[in-house]
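Undergrad: just a sequence and a predicted model for now, questions to come.
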Amino acid sequence: MKRLFVIRDEAVLANLIAALGANWKAAVDAGTPLGCHIAPYRKTRSQEANALMWVWLGQLAADAWVSGRQYSAETWHEHAKRENLPEANSRGDHKWEEMPDGSRRCVMSTTRLTDREMSDYMEKLGVLAASVGVALR
């Protein structure tokens with residue numbers, strides 16, 4: 001069972017309590033007890049924003065040439081994340097992880113960005129595209 005309850009009124013609270021009451025015992029009996037996190041709700045970026053990001057990354061892969069080379073959408077995505085994601089987002093997700101050899105890799109995912117953070121990221125992605133001569137459509 002995986003559900004998100006955004007508690008804005010008593011009806012949602014009652015639904016949460018009912019869902020827990022109806023499912024906790026079976027989960028315990030199955031050896032997989034339920035866990036709950038209570039935190040302020042922050043809407044993350046939409047699926048539409050994610051889809052547009054991948055369209056734009058695909059355009060970069062198809063149209064951009066850097067030093068006589070083209071790069072995949074995934075490579076552009078990693079490059080854009082390294083250059084443009086905040087060091088940490090509003091939930092404290094950190095951008096970098098240190099590797100055993102002392103190097104760092106970008107671990108923050110755009111799935112954890114808020115709507116505003118994703119909007120900022122997309123704006124920076126547009127600037128990146130323009131810097132390599134790609135007009136995003």
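TA: Yep, it's here. Numbering: from 1, shown residues only.
Undergrad: next up, the contacts around the spatially most central residue of the chain.
TA: Geometric centre of the chain, nearest residue: residue 111, 1.2 Å, by CA atoms, centre = their mean. Under the criterion of CB atoms under 8 Å, 6 or more residues apart in numbering, the neighbours of residue 111 are 44, 45, 50. C-beta: built from backbone N, CA, C; applies to glycine.
Undergrad: any idea how far apart the tips of stretch 106-114 sit?
TA: End-to-end span of stretch 106-114 (CA to CA, to the nearest Å): 18 Å.
Undergrad: distance from that stretch to the middle of the chain?
TA: Averaging C-alpha positions (CA atoms, centre = their mean, to the nearest Å) puts stretch 106-114 4 Å from its chain's average.
Undergrad: give the buried residues for it.
TA: 106, 108, 110, 112, 113 (16 or more other CB atoms under 10 Å).
Undergrad: go on, stretch 6-19?
TA: residue 16.
Undergrad: now stretch 128-136
TA: By 16+ other CB under 10 Å, the buried positions in stretch 128-136 come out as 128, 129, 134, 136.
Undergrad: for those residues, give me a markdown table that also has secondary structure, distance to residue 10 and pLDDT.
TA: What follows is the buried residues of stretch 128-136, written out as a markdown table (DSSP: H, G, I helix; E, B strand; the rest coil; distance: CB to CB, whole Å; pLDDT from 0 to 100):
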| residue | secondary structure | distance to residue 10 | pLDDT |
| --- | --- | --- | --- |
| 128 | helix | 47 | 95 |
| 129 | helix | 48 | 96 |
| 134 | coil | 51 | 96 |
| 136 | coil | 45 | 91 |
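Undergrad: for those, give me TSV that also has distance to residue 31.
TA: Below are the buried residues of stretch 128-136 laid out as TSV (distance: CB to CB, whole Å):
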residue	distance to residue 31
128	48
129	50
134	52
136	49
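Undergrad: from the buried residues of stretch 106-114, pick the one nearest residue 68.
TA: residue 106 (25.4 Å; CB to CB).
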